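Participant: need a structure here:
(3 chains)
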Amino acid sequence: MTQQASKLVIITEKLLLKQIAKIIDESGATGYTVVAAGGKGSRNVRSSGQPSISDTYSNIKIEVLTPNRDMAVKISDEVAAQFFDDYSGIAYLCNVMEVLHAHKF
Amino acid sequence: MTQQASKLVIITEKLLLKQIAKIIDESGATGYTVVAAGGKGSRNVRSSGQPSISDTYSNIKIEVLTPNRDMAVKISDEVAAQFFDDYSGIAYLCNVMEVLHAHKF
Amino acid sequence: MTQQASKLVIITEKLLLKQIAKIIDESGATGYTVVAAGGKGSRNVRSSGQPSISDTYSNIKIEVLTPNRDMAVKISDEVAAQFFDDYSGIAYLCNVMEVLHAHKF
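Facilitator: All right, here's what the predicted structure looks like:
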């Protein structure tokens, strides 16, 4: 029942969701979770100009559980190559994790 | 001030929130955080048919900090036993973590 | 390309966002992400009285990637000192992480 996994987190601009979802699907990952996010980056102000938690977030935080680090890095490399020259984004990996139960995920 | 903890993450369908909150309360955990989430699972499309960050997310991501792994596993086992035959869901554990400050949590 | 980092997570009341954003900015961190959150704490019910995923969350979850543990602890100490006597809040640290790509973050 218990298995190791990696969690890839990608925070980027909302409008990229469908294209990133396609990259995730094609990688073989079985699913992902998306949350609306605001915030501020190092070189430009993300969200709507200043820190805000209004209902209109302009960023998304995507989390993908992958069975190993390689799949996570592959997704991240592809997303960065396609979008991070032109759009704000960060991708990071949480290494230690244990999947306890998964159903239809 | 610093203490070790486990973080249990449960991503599942929105309508289960109250029942899962009850399980968490009864476990002895002192609190939890809920975030609205969308996404896609392995066997069915979660959210509203396709990747979407519209304001109507149909999933929730619940995070529970527990003082040890046992409490997290107990909550996860109970949630999976009650709901994961009939609903989409995943439960995973982040092991390494340090609680720096907590007030009324 | 790959670098170690710490992730500081602060969950607290929505109205503190601007003040906490200022503390984060002054610490030298390059950015942060904010997500609307509900939930329940140990001594008071957070959110709107009972577990709810209505669109009006009264909490926020702020995540800050920092290049080292020291900067994360400094931010957390400052936030706790200024606000956690009077407001609900928790701050915790995820230790193991790898930043794969970052652009304008």
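
Participant: Pull the residues that contact the lengthiest helix in chain A.
Facilitator: If you go by DSSP state H, chain A has its longest helix at helix A:69-83. Defining contact as Cβ atoms under 8 Å, 6 or more residues apart in numbering or on different chains, one finds that helix A:69-83 is touched by A:6-8, A:10, A:12, A:16, A:19-20, A:23-24, A:27-29, A:64, A:66, A:89, A:91, A:93, A:95, C:100-101, C:103. Every C-beta, even on glycine, is put in place using the N, C-alpha and C of the backbone.

Participant: near chain C at all, whichever strand or helix holds residue A:65?
Facilitator: Assigned by DSSP states H and E, residue A:65 belongs to strand A:59-66. Yes: judged by Cβ under 8 Å from any Cβ of the partner chain, strand A:59-66 and chain C are in contact via A:59, A:61.

Participant: Next, the angle strand B:59-66 makes with that strand.
Facilitator: For strand A:59-66 against strand B:59-66, the angle by axes from the mean of the first three to the mean of the last three Cα atoms, to 10 degrees is 70 degrees.

Participant: between strand A:59-66 and helix A:69-83, how many degrees?
Facilitator: Using the same axes, to 10 degrees: strand A:59-66 against helix A:69-83 is 150 degrees.

Participant: which other helices and strands contact strand A:59-66?
Facilitator: strand A:6-13, helix A:17-27, strand A:32-40, helix A:69-83, strand C:32-40 (3 or more Cβ pairs under 8 Å, 6 or more residues apart in numbering or on different chains; DSSP states H and E).

Participant: Sheet partners, orientation included, of the shortest one?
Facilitator: Strand A:6-13 has the following sheet partners, assigned by DSSP bridges: strand A:59-66 (antiparallel), strand A:89-94 (antiparallel).

Participant: pull the CA atoms of the shortest one into PDB?
Facilitator: Going back to what we said before, that points to strand A:89-94. C-alpha atoms of strand A:89-94 as PDB (Å, rounded to 0.1, in the frame of the first residue of the first chain):
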ATOM      1  CA  GLY A  89       7.600  30.300 -13.300                       C
ATOM      2  CA  ILE A  90       9.300  28.100 -10.800                       C
ATOM      3  CA  ALA A  91       9.500  24.300 -10.600                       C
ATOM      4  CA  TYR A  92      10.700  22.500  -7.500                       C
ATOM      5  CA  LEU A  93      10.700  19.000  -6.200                       C
ATOM      6  CA  CYS A  94       9.800  17.600  -2.700                       C
END
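
Participant: okay, the angle between that strand and helix A:17-27?
Facilitator: 40 degrees.

Participant: starting at the chain centroid, how far to the next helix or strand after strand A:89-94?
Facilitator: Using DSSP H and E, the helix or strand that directly follows strand A:89-94 along the chain is strand A:98-103. Strand A:98-103 sits 19 Å away from the centroid of its parent chain (Cα atoms, centre = their mean, to the nearest Å).
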